[in-house]
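Asks: Just need the structure, nothing else, for what follows:
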Amino acid sequence: MGIYVNPGNISFQEAINSKTYVDKSGMIPYTNSVIRTRQKNLCVSRPRRFGKTMAADMLVAYYSRGCQSGRLFSGLKAEGDASFRNHLNRHNVIRWDVQQFLFHESHLDIFIEEMQRVVIKELRAEYGDCFEADRYGLAGVLKQIHASKGEGFVFINDEWDCVFRMAKEKKEIQKEYLDFLRGLFKGAEYVELVYMTGILPIKKYGEHSALNIFEEYSMLDSSELATSFGFTEEEVHGLCAGRGMDFQDVERWYDGYLMNGIHIYNPKSVVDAVRRGKCRSYWTGTETYEALKVYIDLDFDGLREAVVGMLGGGRCRVDATTSQNDMTTFKTKDDVLTLLIHLGYLAYDEETEEVFIPNQEIAQEYLRAIKVGGWGGLTEALNRSEELLRSTWALDGEAVAAGMSGRPVEGGAGQGE
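Replies: Numbers count the residues shown, from 1 in each chain. Okay, the predicted model is just below:
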């Protein structure tokens, strides 16, 4: 058992031990079905705290030869699938959390080399002298191992997009990293499965993905993995019932994201709410309003007016195809709105191609950004009227419209949609 090569299952065991654990092993039959197929390269992008790392820990515990995890999966959904025993702890796994190699900007010039170095060191301990140091780095070493031993690998790559979030303006470093991933995965016979996850989808140049070998599952299109990240309504009902929480309160605060037409709740916020017995902003508390403020202050093509409309319960059409999937390339309002979808600040309706503010928790975050940003009349109106503020938090469109126009609000907050 290593740190990076065939790691153990301690992280998943800790998740299982949690009183608020929700079984997401239903994704395992799907990952089993794409092993050694043209669909074996998966990139899952979700906002922070949406269960991506937990899923990575689960896949490590399931596939890794470095542990025995049958007991941990006892009674979980995956255990009932016909493919479950065929792959349980029968694969070589290489697991990275890229953020562990990039916790400071000074690491940007060395992190690729360091990731390769630590993995090759553990491969040497595992496979002895069956390979030589190769000028092609880790890819060359893995080719030698496959040729000598006939063994393949499952790759679990967490926080894959950390580079694009930390080095937003450093295009050369971004390109070097993408070239490394392309060289490691594209056409490689040693690849059995790749599970790559982060906040952002794969970077695009023009209309084309920089890594076109990947099947992408994002906030725009989740396909088969729609319910694998975040909590469904049924799962939230179960958590609320177990802790005596009012489901309608939790629904108002944290519901709103749509995955293939299915309502999905922010898992971080729901878990904290049922643990602490009260609804409040938990997810947004992990990051300041400044990140949101930067983007809406760009005000492309009337972006501010669109935000105000959505705070009133409205929706906004968006063309998500123009986004370059990074945090700096913005040419239109649609590019900014698409980024806010991936960051979790907007929900997306795939059928209507519209965005909207999903719930009370996110509405409060917009209000903080607006008040600090000094949006003229809107800020004055919010400061002037506590009733308008409550109506906005409740996404009460009729009451907000009345309050902004100076008309009396009939019935107060909660009477709109």
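Asks: the helices in the stretch 151-300 of the chain, which residues?
Replies: Taking DSSP state H, counting those that start in this stretch as the test, the helices found in the stretch 151-300 of the chain are 162-166, 171-185, 233-243, 247-254, 267-276, 290-296.
Asks: hey, least reliable of those helices by pLDDT?
Replies: Comparing mean pLDDT across these, the weakest is helix 290-296, with a mean of 74.
Asks: Domain-wise, how is this structure divided?
Replies: 10-225, 231-282, 286-405 (automatic domain parsing).
Asks: Adding distance to residue 4 and mean neighbour count, write the ones you listed out as JSON lines.
Replies: Just so you know, the C-beta spots here come from the backbone N, C-alpha and C atoms, and that holds for glycine as well. Shown next, in JSON lines, are the domains of the chain (distance: least, C-beta to C-beta, whole Å; neighbours: other C-beta atoms under 10 Å):
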{"stretch": "domain 10-225", "distance to residue 4": "5", "mean neighbour count": "18"}
{"stretch": "domain 231-282", "distance to residue 4": "26", "mean neighbour count": "18"}
{"stretch": "domain 286-405", "distance to residue 4": "27", "mean neighbour count": "19"}
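Asks: Give me the pLDDT for the closest residue to residue 219 other than its chain neighbours.
Replies: Closest residue to residue 219 in three dimensions, ignoring its sequence neighbours and counting by C-beta to C-beta, 6 or more residues apart in numbering: residue 341, at 5.1 Å. We have a pLDDT of 94 for residue 341.
Asks: just checking, residue 341 touches residue 348?
Replies: Yes. Taking C-beta atoms under 8 Å as the definition, residue 341 is a contact partner of residue 348 at 4.8 Å.
Asks: and for those two, which residues touch both?
Replies: Common contacts of residue 341 and residue 348 (C-beta atoms under 8 Å, 6 or more residues apart in numbering): 219, 220, 318, 320, 355.
Asks: if we can go back for a sec, out of the domains of the chain, which is closest to residue 3?
Replies: Ranking the domains of the chain by proximity to residue 3 (C-beta to C-beta) places domain 10-225 first, at 6.9 Å.
Asks: Quick check: end-to-end length of the closest one?
Replies: 24 Å (C-alpha to C-alpha, to the nearest Å).
Asks: Tell me the gap between it and the middle of its chain.
Replies: Distance of domain 10-225 from its chain centroid, counting by C-alpha atoms, centre = their mean, to the nearest Å, is 14 Å.
Asks: before we move on, what about stretch 316-334?
Replies: Averaging C-alpha positions (C-alpha atoms, centre = their mean) puts stretch 316-334 18 Å from its chain's average.
Asks: Contacts made by that stretch with the rest, please.
Replies: 164-165, 168-169, 174, 200-205, 207, 220, 298, 300-303, 306, 309-310, 335-339, 341-342, 348, 352-356.
Asks: So which residue is dead centre in the chain?
Replies: The centroid of the chain falls nearest to residue 46 when counting by C-alpha atoms, centre = their mean (1.9 Å).
Asks: Wait, that one touches residue 229, no?
Replies: Yes. Using C-beta under 8 Å, residue 46 is in contact with residue 229, at 5.0 Å.
Asks: would you list every one of the strands in this protein?
Replies: Here the chain has its strands, by DSSP state E, at 41-45, 93-97, 153-158, 191-198, 204-205, 208-209, 215-217, 231-232, 257-259, 262-265, 316-317, 347-349, 354-356.
Asks: Least confident of those strands, on average?
Replies: Among the strands of the chain, strand 208-209 carries the lowest mean pLDDT, a mean of 65.
Asks: show me what contacts residue 22?
Replies: Residues near residue 22 by C-beta under 8 Å, 6+ apart: 231, 235, 238, 239, 267.
Asks: coming back round to it: report the separation between the residue nearest to residue 219 and residue 233.
Replies: Distance from residue 341 to residue 233, counting by C-beta to C-beta, to the nearest Å: 21 Å.
Asks: got the shared contacts of residue 341 and residue 348 as CSV, with distance to residue 248 columns?
Replies: CSV is the format used below for those (distance: C-beta to C-beta, whole Å):
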residue, distance to residue 248
219, 25
220, 29
318, 29
320, 31
355, 24
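Asks: farthest pair in the residues you listed?
Replies: 219 and 318 (11.9 Å).
Asks: circling back to that earlier point, just give me the closest of the shared contacts of residue 341 and residue 348 to residue 243.
Replies: Proximity of the shared contacts of residue 341 and residue 348 to residue 243 (C-beta to C-beta) peaks at residue 219, which lies at 27.9 Å.
Asks: what's near enough to touch that closest one?
Replies: Contact partners of residue 219, counting by C-beta under 8 Å, 6+ apart, are 45, 46, 47, 257, 259, 341, 342, 344, 348.
Asks: from these, which single one is nearest residue 11?
Replies: Among the contacts of residue 219, residue 46 lies closest to residue 11 (C-beta to C-beta), at 18.0 Å.
Asks: Tell me how far residue 16 lies from residue 307.
Replies: As judged by C-beta to C-beta, residue 16 and residue 307 stand 40 Å apart.
Asks: So for the closest residue to residue 138 other than its chain neighbours, what's the pLDDT?
Replies: Nearest in space to residue 138, with sequence neighbours left out and distances taken as C-beta to C-beta, 6+ apart, is residue 116 at 4.3 Å. For residue 116, the pLDDT comes out at 97.
Asks: Give me the pLDDT value at residue 46.
Replies: So, for residue 46, pLDDT stands at 94.
Asks: Where is the longest helix in this structure?
Replies: The longest helix of the chain (DSSP state H) is helix 111-127.
Asks: Keeping just the C-alphas, turn that helix into CSV.
Replies: Output in CSV follows, covering the C-alpha atoms of helix 111-127 (Å, rounded to 0.1, in the frame of the first residue of the first chain):
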residue,chain,number,x,y,z
PHE,A,111,4.6,20.5,-9.6
ILE,A,112,4.5,18.4,-12.8
GLU,A,113,8.0,17.1,-12.2
GLU,A,114,7.2,16.5,-8.5
MET,A,115,4.0,14.6,-9.2
GLN,A,116,5.9,12.3,-11.6
ARG,A,117,8.8,11.8,-9.2
VAL,A,118,6.8,10.6,-6.2
VAL,A,119,4.7,8.2,-8.3
ILE,A,120,7.8,6.8,-10.0
LYS,A,121,9.5,6.3,-6.6
GLU,A,122,6.5,4.2,-5.4
LEU,A,123,6.4,2.3,-8.7
ARG,A,124,10.1,1.4,-8.2
ALA,A,125,9.2,0.0,-4.8
GLU,A,126,6.3,-2.0,-6.3
TYR,A,127,7.9,-3.3,-9.5
